[in-house]
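[1] model this:
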Amino acid sequence: MALLRLAFGVLLVAALIWMKLLDPAALVPALAHPSLLALALFALFGAICVAALRWYVLLRVQRIHAPPLAIWRAVMSGAFLGTFLPGMLGGDLLRSGYIVQWAPHRISTGVLSILVDRALGLSGVVFVALLVLLARPEDIPGATRMTILAALGIMVAGSLIAMALARRIDKRLSRAGVPPSTLAKWMHELAHAVTLYRRAPMAVAGGVLLSMIVCGFDILALLLVTQAIGITALPRVQQAVAGMLALIANAVPFTPGGLGIGEAAFANACIALEPFASGAPYATAFLAFRCLNILASVPGAFVGIPRKQSSSLVSPGEKIVTK
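    The predicted model follows:
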């Protein structure tokens with residue numbers, strides 16, 4: 001399956017080259033601006049570090065007290081693997097391995113923290129796009145506005161439904177007693193874990209804020225890349241909006257790391273926002289942004305995989321208790 005996704009990503013890139021939306025030769029002018037590329041690389045590395053802090057906050061809500069350095073190693077390694085393998089085959093699977101090490105009796109809730117971390121990552125992009133929409137509505141066409149508002153509505157509705165459903169399941173299982181089956185126990189643990197997030201709004205809000213900072217670093221890096229390549233046909237604000245839409249599309253796990261999808265989304269969004277057809281190499285800029293993202297995650301190839309430890313890092317007494 002991973003090979004099929006890789007092949008699909010390569011075909012998408014080839015199609016973009018054939019449609020003249022991606023021109024590798026356009027990367028050459030960027031090499032004349034090493035300072036801009038270095039700043040973009042630093043911003044992307046900072047985004048990974050902030051993402052590690054976000055996961056640290058989410059794990060603390062679940063009472064999983066892993067060392068901050070270990071969490072940074074897990075996120076950095078996951079970012080590196082996630083570049084080549086999509087979804088659970090990449091970074092998420094590795095982070096799950098760390099959860100097994102830190103909290104062997106709380107694997108389901110630990111994995112939930114990874115899913116919540118991903119959801120908050122997308123929410124950060126949507127909220128930043130919403131702020132840009134409120135601050136500069138004249139720079140965003142109606143179709144793009146509707147896309148941003150629809151994404152916000154889906155995100156809010158999904159969160160409310162998940163919290164309500166988890167609360168109901170948690171109450172029912174607590175009153176009736178947890179059946180001995182593994183599935184029932186996992187359902188109870190997951191429902192209780194969602195309840196913990198619902199009871200920690202400040203931590204969740206902090207996670208959203210950190211996600212917005214991550215998005216800010218990513219967009220800054222992308223704008224630095226477009227500046228290095230020499231793309232000036234589209235104002236920076238509109239490039240940023242197109243970049244946010246591309247980041248959301250890039251998160252769809254159809255290809256490794258969103259290869260080809262992010263480039264196509266950024267190019268089409270920029271072309272839709274252009275006042276006139278400029279022929280600017282937007283897809284090439286996103287490909288350069290992707291290459292820098294890979295370089296920023298290279299330390300993840302050297303920090304290693306989780307080592308087996310004899311003790312759990314779950315705080316004492318933190319077990320699911322039925323009421």
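
[2] Run through who's touching stretch 120-132.
    If you take C-beta atoms under 8 Å, 6 or more residues apart in numbering as the criterion, stretch 120-132 is touched by 51, 54, 58, 139-140, 148-149, 151-152, 155, 204, 207-208, 210-216, 219, 237, 240-241, 244-245, 247-248, 251. C-beta coordinates here come from the backbone N, C-alpha and C atoms, glycine included.

[3] quick one: buried residues of it?
    120-130, 132 (16 or more other C-beta atoms under 10 Å).

[4] Show me what counts as buried in the helix or strand hosting Gln101.
    If you go by DSSP states H and E, Gln101 is part of helix 91-102. Across helix 91-102, burial judged by 16+ other C-beta under 10 Å covers 91-92, 94-96, 98-99, 101-102.

[5] And stretch 145-156, by the same measure?
    147-148, 151-152, 155.

[6] Show me how far it is from its chain's centre.
    17 Å (C-alpha atoms, centre = their mean, to the nearest Å).

[7] What of stretch 37-57?
    12 Å.

[8] circling back to that earlier point, tell me what angle the helix or strand that comes right after the helix holding Gln101 forms with helix 91-102.
    Where DSSP H and E defines the elements, the next helix or strand beyond helix 91-102 is helix 107-135. Comparing the axes of helix 107-135 and helix 91-102 via axes from the mean of the first three to the mean of the last three C-alpha atoms, to 10 degrees yields an angle of 130 degrees.

[9] The helix or strand in which Ala143 is found - contacts with which helices or strands?
    According to DSSP H and E, Ala143 maps onto helix 142-176. Using 3 or more C-beta pairs under 8 Å, 6 or more residues apart in numbering; DSSP states H and E as the contact test, the elements touching helix 142-176 are helix 107-135, helix 182-198, helix 236-250, helix 261-273.

[10] So which of these is nearest Thr226?
    Closest to Thr226 of the helices and strands packed on helix 142-176 is helix 236-250 (C-beta to C-beta; 5.9 Å).

[11] can you list the helices and strands packed on helix 142-176 in a markdown table and add mean pLDDT and distance to Pro299?
    Below are the helices and strands packed on helix 142-176 laid out as a markdown table (pLDDT from 0 to 100; distance: least, C-beta to C-beta, whole Å):
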| stretch | mean pLDDT | distance to Pro299 |
| --- | --- | --- |
| helix 107-135 | 87 | 19 |
| helix 182-198 | 71 | 30 |
| helix 236-250 | 90 | 21 |
| helix 261-273 | 89 | 22 |
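
[12] Kindly reformat the ones you listed as a markdown table containing distance to His33.
    A markdown table is the format used below for the helices and strands packed on helix 142-176 (distance: least, C-beta to C-beta, whole Å):
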| stretch | distance to His33 |
| --- | --- |
| helix 107-135 | 25 |
| helix 182-198 | 43 |
| helix 236-250 | 16 |
| helix 261-273 | 19 |
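
[13] Of all those helices, which one is nearest Lys20?
    Per C-beta to C-beta, nearest to Lys20 of the helices and strands packed on helix 142-176: helix 261-273, 10.3 Å.

[14] Mind listing what's buried along the very next helix or strand once past that closest one?
    Counting by DSSP H and E, the next helix or strand C-terminal to helix 261-273 is helix 282-296. Using 16+ other C-beta under 10 Å as the test for burial, helix 282-296 gives 282-290, 292-293, 296.

[15] repeat for stretch 224-244
    Buried residues in stretch 224-244 (16+ other C-beta under 10 Å): 224-229, 231, 233-234, 237-244.
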